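Visitor: No letters, just coordinates:
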C-alpha cells in the first residue's frame with residue numbers, strides 16, 4: 001500500500017494560494033537545427049506551451065540537434081483534467097516502445113511526444129541525440145482513478161547538474177545524465193510535486209490541524225483522513241479543506257480518529273458517504289459536532305451519528321436524497337434549519353425527547369418524519385395525518401389564528417397556554433395567517449372554519465393541497481405569495497363568498513402556475529384574481545412617452561392620467577389601447593393587467609376644425625357649434641384657433657371662411 005503522503009508542509013499563516021495552483025498536464029520535446037528550433041519555438045509558445053530554456057543536448061558539438069522540453073499546465077478547476085504524476089527516463093535502442101510498464105509500481109508510462117528535424121524524428125525523441133552515447137527517452141504517467149488522496153501530481157520541471165533527487169529509470173536504477181556520452185555538461189531532470197495535506201502543528205509537534213490540500217481536488221472521488229501525521233495526532237480539519245472537491249463521493253476516517261468536528265463538504269454535490277474504517281454511512285466515535293452547512297447540497301442519503309451531540313444550522317439544507325438519519329446519543333442540540341429545504345422523504349431516528357429540538361429545524365421540508373415510538377411530523381409542511389394530534393402549536397388571538405412554523409415559542413393569548421391542533425372552537429376564526437410553511441395539506445381547512453373571512457398565506461408556501469379550503473362559505477379575500485407554484489384540484493371549491501384573490505406576483509407567474517381542474521369551481525360571478533402589473537406608454541411616432549407605471553393590483557387599481565405629451569406640428573388627442581388609435585382608454589377604468597397605451601396625434605392644419613383633412617364649410621359649422629357650446633366631436637381647438645390668440649371666436653370663423661374663399 002502506498003504511503004499516505006510523500007511530503008507534508010507545516011503552514012503557520014493563512015492559506016489560500018493553494019486553491020489556484022496549476023499542475024502539468026502535457027509534455028513534449030522538440031529538436032532540430034538552430035534555424036529549425038528558432039522557427040518552431042514561437043509556434044509552440046503561441047499554442048500555450050512553456051519551453052524550458054535548457055538545451056538537453058548541450059555539449060554535443062556543432063551540427064548536433066538542439067533539444068528542448070515543453071509543457072502545458074492547468075488548474076483542477078477545469079473539468080476532469082489529466083495531470084502528470086511521474087516521469088521515467090529509459091536508456092534503450094532507437095526504436096523505443098510507445099509505452100512501458102514499470103515493475104516497481106505496475107503503472108503504465110507513455111513515451112513523451114516529440115517533433116523536430118529529420119535526425120530527431122528517426123530516433124523517436126532521443127534526448128541524447130548525436131551525443132554518441134546511450135539512447136535516452138522520456139516517459140510519463142498520468143493521474144488515474146485512484147482512491148488515495150496522497151497521489152501527488154507534478155507542479156514544475158527544472159534541469160541542473162546535480163544528480164541528487166533527479167528522475168531515475170525506476171526499479172532502483174541510477175539517475176540519467178541527459179547528456180550522457182556527449183563529453184559536455186551533466187544535465188539532470190528534477191521535478192516538484194504537489195504537497196498533499198497542508199498542516200499546522202502545535203508548538204510541541206504532538207498535535208496538528210489540517211488546513212487544506214494542495215493537489216488536484218476536482219479529480220478526487222474519495223479521501224482517507226489519517227489519524228496521525230508525522231507522529232502528530234490530527235485533531236481537526238478546516239471547513240475550507242474540501243472546497244473544490246467536485247467529484248468527491250466518500251470520506252473515510254480511522255476508527256481511532258481524534259477529530260471532534262466533521263469538516264464541511266458543502267457543495268460537493270456527489271458526496272454520499274462518510275465512513276469509519278469499513279463501516280459505511282457512520283461518523284467516528286470521536287466526532288461530537290457537525291458545523292453549519294456541513295452536508296448542504298450533497299447527495300448524502302443515509303447517515304448514523306454515533307457520538308454527535310451538536311448539529312448546527314442548515315447542516316442538511318438541500319440534501320434532496322436524504323432518507324435516513326440516526327442519532328445514537330441524546331440529548332442532541334439541533335439548531336434552526338438543520339433539516340431545511342429537503343424535498344425527499346426523510347426519517348429521523350432519535351432516542352431523546354422531541355422537545356429537545358427547535359421546531360425550526362425542518363423548515364420547508366415537506367416530508368420530514370421524526371421517529372420516537374410513534375411518528376411526529378410537521379403537519380403543515382406535509383400530508384395531513386388526523387391520528388397525530390401534536391402536529392404543531394398555534395398562536396390564537398380571539399378571531400385571529402396564525403400558523404407559524406418558524407417561531408421559537410408557540411403560545412396562545414392572553415393566557416399563554418400551549419395548545420395543539422384541533423383543540424379550539426374553529427367557528428371563532430375569521431382571519432387566518434399561514435407562514436414559514438412549504439405545503440398546505442389536502443383537506444386541512446375544508447369546511448372546518450365556517451366563519452373564516454380572510455386568508456393570508458405568506459411567502460415560502462409552494463403547494464396548496466386539494467380541497468384545502470373548500471366549502472369555507474364565508475371566505476371573501478385570499479392573499480397568495482408569488483412562491484406558490486401549484487394549486488391542487490378543488491382547493492377553493494364552493495367558496496361561495498370569495499370575491500378577490502390577490503396574487504403577489506406578475507401575470508406571467510400566475511400564468512405559469514399549475515392550477516388543477518376545478519380549483520375554483522362554484523365561486524361567485526364577481527370573483528376576480530388580481531396580480532401586479534405594469535402600464536407602459538408608446539409615443540406612437542411623436543413627442544416623448546411618459547415613464548412606465550407599476551400598478552399594485554390588476555382589475556382593481558386605476559391609472560392616473562399622465563401629463564399629455566407635445567410634438568411640433570401635431571395635436572395630442574388622448575391615450576388609446578391600440579396603435580391605430582381606434583379605442584380611447586378611460587382612466588376611470590381599472591387596469592386589467594400588463595398593457596401599453598398609445599398616444600393619439602392629429603396633424604395641425606389651420607381651419608380644419610373637424611380634423612377631416614380639408615378646410616370647408618363643415619369646419620365653419622363645427623367652429624360655430626363650438627362657440628355656441630354645442631362642442632361637436634371631433635373638434636380640433638388648435639386648428640380652429642386660426643389667428644393663434646388662444647380663443648376660438650367669431651374672428652376665427654371669419655378667417656376660416658376666408659381660407660375657403662381663398663382670401664388672404
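Guide: Okay, I see it. Predicted model, so just to flag it, every value in this text is computed and none were measured.
Visitor: just checking, residue 615 touches residue 622?
Guide: No - using CB atoms under 8 Å, residue 615 is not in contact with residue 622; the gap is 11.0 Å. C-beta coordinates here come from the backbone N, C-alpha and C atoms, glycine included.
Visitor: So for the two, which sits in the more crowded spot?
Guide: More crowded of residue 615 and residue 622, by other CB atoms under 10 Å: residue 622, with 25 against 20.
Visitor: mind listing what's buried in stretch 187-200?
Guide: For stretch 187-200, burial by neighbour count (16 or more other CB atoms under 10 Å) applies to 187-191, 193-200.
Visitor: who touches stretch 538-551?
Guide: Applying CB atoms under 8 Å, 6 or more residues apart in numbering, the contact partners of stretch 538-551 are 532-537, 557, 559-560, 562-563, 565-567, 570, 572, 579, 581, 591, 596-601.
Visitor: switch to 6 Å and redo it
Guide: If you take CB atoms under 6 Å, 6 or more residues apart in numbering as the criterion, stretch 538-551 is touched by 533-537, 557, 562, 565-567, 570, 591, 596, 598-599, 601.
Visitor: Mind checking which of these are buried?
Guide: Buried among these by 16+ other CB under 10 Å: 533-535, 537, 565, 567, 570, 591, 596, 598-599, 601.
Visitor: Would you reformat the residues you listed as a markdown table and include distance to residue 23 and pLDDT?
Guide: Listed next are the buried ones among the contacts of stretch 538-551 as a markdown table, based on distance: CB to CB, whole Å; pLDDT from 0 to 100:
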| residue | distance to residue 23 | pLDDT |
| --- | --- | --- |
| 533 | 55 | 95 |
| 534 | 52 | 96 |
| 535 | 58 | 97 |
| 537 | 59 | 97 |
| 565 | 64 | 94 |
| 567 | 67 | 88 |
| 570 | 70 | 85 |
| 591 | 61 | 96 |
| 596 | 57 | 97 |
| 598 | 62 | 97 |
| 599 | 64 | 96 |
| 601 | 69 | 90 |
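Visitor: of those residues, closest to residue 137?
Guide: The closest of the buried ones among the contacts of stretch 538-551 to residue 137 turns out to be residue 534 (CB to CB; 71.5 Å).
Visitor: give me the element the closest one is part of.
Guide: strand 528-538 (DSSP states H and E).
Visitor: roughly how far apart are residue 302 and residue 295?
Guide: Taking CB to CB, to the nearest Å as the measure, residue 302 and residue 295 are separated by 12 Å.
Visitor: more neighbours, those two?
Guide: residue 295 (26 against 17).
Visitor: mind checking how far the more buried one is from residue 272?
Guide: Taking CB to CB, one finds residue 295 at 10 Å from residue 272.
Visitor: can you check residue 604 too?
Guide: 76 Å.
Visitor: Look at these two and report which has more neighbours.
Guide: Relative neighbour count places residue 272 above the other of residue 604 and residue 272, with 21 against 15, counting by other CB under 10 Å.
Visitor: my guess is that one meets residue 299, correct?
Guide: Yes - here residue 272 reaches residue 299: they are 4.4 Å apart, a contact under CB atoms under 6 Å.
Visitor: Would you map the helices across this protein?
Guide: For the chain, the helices defined by DSSP state H occupy 34-46, 118-122, 507-512, 617-627, 637-640, 650-661.
Visitor: among the ones you listed, which is nearest residue 211?
Guide: Closest among the helices of the chain, using CB to CB: helix 34-46, at 36.4 Å.
Visitor: What residues of the closest one count as buried?
Guide: Across helix 34-46, burial judged by 16+ other CB under 10 Å covers 36-37, 40-41, 44.
Visitor: can you tell me which of those residues lies nearest to residue 648?
Guide: Nearest member of these to residue 648, counting by CB to CB, is residue 44, at 86.4 Å.
Visitor: State the distance from the closest one to residue 72.
Guide: Distance of residue 44 to residue 72, given as CB to CB: 10 Å.
Visitor: same question, residue 116
Guide: 18 Å.
Visitor: ditto for residue 554
Guide: Counting by CB to CB - residue 554 and residue 72 are separated by 59 Å.
Visitor: And the two? Which one has more around it.
Guide: Each of residue 554 and residue 72 has its neighbours counted (other CB under 10 Å); residue 554 has more, 24 against 16.
Visitor: Verify the contact between that one and residue 528 for me.
Guide: No - using CB under 6 Å, residue 554 is not in contact with residue 528, being 8.7 Å away.
Visitor: Now the common contact residues for those two.
Guide: With CB under 6 Å, 6+ apart as the test, residue 554 and residue 528 reach no residue in common.
Visitor: How is this structure divided into domains?
Guide: By the assignment in automatic domain parsing, the chain contains the domains 22-193, 204-377, 395-526, 531-603, 617-661.
Visitor: Give me the pLDDT for the residue nearest to residue 343 when sequence neighbours are not counted.
Guide: Distance criterion CB to CB, 6 or more residues apart in numbering; nearest residue to residue 343, sequence neighbours excluded, is residue 320 at 4.8 Å. As predicted, residue 320 sits at a pLDDT of 89.
Visitor: My guess is residue 320 contacts residue 341. True?
Guide: No - if you go by CB under 6 Å, residue 320 and residue 341 don't touch, sitting 8.2 Å apart.
Visitor: which one of those two has more residues nearby?
Guide: Each of residue 320 and residue 341 has its neighbours counted (other CB under 10 Å); residue 341 has more, 19 against 15.
Visitor: That one and residue 296: what is the separation?
Guide: From residue 341 to residue 296 the distance is 9 Å (CB to CB).
Visitor: ditto for residue 315
Guide: 7 Å.
Visitor: now residue 485
Guide: From residue 485 to residue 296 the distance is 23 Å (CB to CB).
Visitor: These two: which is more packed in?
Guide: Higher neighbour count among residue 485 and residue 296: residue 296, with 21 against 13, using other CB under 10 Å.
Visitor: Contact partners for that one?
Guide: Listed by CB under 6 Å, 6+ apart, the contact set of residue 296 reads 266, 314, 317-318.
Visitor: Could I get the pLDDT score of it?
Guide: For residue 296, pLDDT reads 93.
Visitor: And stretch 291-301, how far out from the chain middle?
Guide: With CA atoms, centre = their mean, to the nearest Å as the basis, stretch 291-301 stands 15 Å off its chain's centre.
Visitor: Just the terminal-to-terminal distance for it.
Guide: End-to-end distance for stretch 291-301: 18 Å, by CA to CA, to the nearest Å.
Visitor: burial of the closest residue to residue 255 other than its chain neighbours, as a residue count?
Guide: If the residues on either side of it in the chain are set aside, residue 255 comes closest to residue 277, at 4.7 Å by CB to CB, 6+ apart. Applying other CB under 10 Å, we find 13 other residues in the vicinity of residue 277.
Visitor: Residue 277 contacts residue 257, doesn't it?
Guide: No - applying CB under 6 Å as the test, residue 277 and residue 257 come out as separate, 9.7 Å apart.
Visitor: Which residue ranges of the stretch 551-664 of the chain form strands?
Guide: 570-576, 595-603 (DSSP state E, counting those that start in this stretch).
Visitor: Please identify the buried residues of the first one?
Guide: By neighbour count on 16+ other CB under 10 Å, the buried set for strand 570-576 is 570-573, 575-576.
Visitor: Looking at the buried ones among the contacts of stretch 538-551, which is nearest residue 459?
Guide: Using CB to CB, residue 533 is the member of these that lies nearest residue 459, at 19.4 Å.
Visitor: Now do that closest one against residue 473, distance only.
Guide: Residue 533 sits 30 Å away from residue 473, going by CB to CB.
Visitor: Same check on residue 448?
Guide: From residue 448 over to residue 473 (counting by CB to CB), the distance is 12 Å.
Visitor: Kindly report the same for residue 292.
Guide: Counting by CB to CB, the separation of residue 292 from residue 473 is 47 Å.
Visitor: contacting residues for the nearest residue to residue 615 once chain neighbours are set aside?
Guide: Spatial nearest neighbour of residue 615, excluding adjacent residues (CB to CB, 6+ apart): residue 607 at 3.9 Å. By CB under 6 Å, 6+ apart, the contact set of residue 607 is 615, 619, 642, 656, 659.
Visitor: low-scoring stretches of the stretch 301-450 of the chain, by residue?
Guide: 353-425, 436-438, 441 (pLDDT under 70).
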